[in-house]
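[1] could you look at this predicted model? Sequence included:
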Amino acid sequence: MEATKRGGRSWPGPIVWLVGGITLAGLLLRLPSFDDSMFADELSTYFVVNGFGTGDVMDLINGKQESTPPLYYKLAELTKGSDEGLRLVPLLAGIASIPMTYNLGRKTVGQQSAVVGSALMAVSPFLIYYSTEARGYSLALACSLASTIFMVNALETGRRELWVLYAFASAGAAYSHYTAAFVLAAQLAWAFLFRPEAR
């Protein structure tokens, strides 16, 4: 993001304030439903995370109770104790996805489209809902965005550490929800077809 110099100090440029404002608006839109009562699949999350030891959580998500990868549950163990605690990871992931969408858009489709994309992420009812649901969908989205950003940057620069970060973010997406495999497959196909020098 851009910065301007004033009096020898570096100040955030207007675009930083704009994306920051969009992100804040996204947070404010998500807060009203953050403390709603748990229902449906969230009750399964509550059952898996609360009142069991670490081994039990892994056994439950690998059994008939759940068939979802473990990353969200392991993170939710750190914040368990209340409904809001179980929703904290999805909320933070959903909010982080807003500026991450801007970052990815700026590198791929241009700044104006990136701002529009981040605004759509902020106000989307679908994304607002999943940012306040105690499930791994929002985390899978954030990890998929991070994976794509690292991949694009790694393709541009060839820096090895970016490929390492790409691998970690991709693993995070896959360990958050199985549907992330579709995003990861699309990334690989795009890079293979349009960036042959990186094969």
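    Sure, I can see it. As the structure is a computational prediction, the values presented were derived from the model and not from experiment.

[2] tell me what the longest helix belonging to the chain is packed against?
    Scanning the chain for the longest helix, with DSSP state H as the assignment, gives helix 83-108. When contacts are defined as 3 or more CB pairs under 8 Å, 6 or more residues apart in numbering; DSSP states H and E, helix 83-108 packs onto helix 14-30, helix 41-49, helix 71-79, helix 111-123, helix 125-131, helix 137-157. C-beta: built from backbone N, CA, C; applies to glycine.

[3] would you mark the buried spots in the third one?
    Within helix 71-79, the residues that count as buried by 16 or more other CB atoms under 10 Å are 71-77.

[4] who are the packing partners of it?
    Against helix 71-79 (3+ CB pairs under 8 Å, 6+ apart) you get helix 41-49, helix 54-62, helix 83-108, helix 137-157.

[5] report the buried residues of the third one.
    Neighbour counts over helix 83-108 (16+ other CB under 10 Å) mark 83, 85-106 as buried.

[6] run the angle between the one helix or strand Gln187 maps to and helix 137-157 for me.
    Gln187 is part of helix 180-194 when elements are defined by DSSP states H and E. Interaxial angle, helix 180-194 versus helix 137-157 (axes from the mean of the first three to the mean of the last three CA atoms, to 10 degrees): 20 degrees.

[7] ok, and what's touching helix 180-194?
    140, 143-144, 147-148, 151, 155, 170, 173-174, 198-199 (CB atoms under 8 Å, 6 or more residues apart in numbering).

[8] what's the closest non-adjacent residue to the residue nearest the centre of the chain?
    With distances taken as CA atoms, centre = their mean, Ala142 lies nearest the centre of the chain, 1.2 Å away. Spatially, and ignoring its direct neighbours in sequence, Ala142 is nearest to Ala93 (3.9 Å; CB to CB, 6 or more residues apart in numbering).

[9] again with Leu71
    Tyr175 (3.9 Å).

[10] from Ala134, how far out is that neighbour?
    Tyr175 is 17 Å from Ala134, where distance means CB to CB, to the nearest Å.

[11] higher neighbour count, these two?
    Per other CB atoms under 10 Å, whichever of Tyr175 and Ala134 has more neighbours is Ala134, with 25 against 19.
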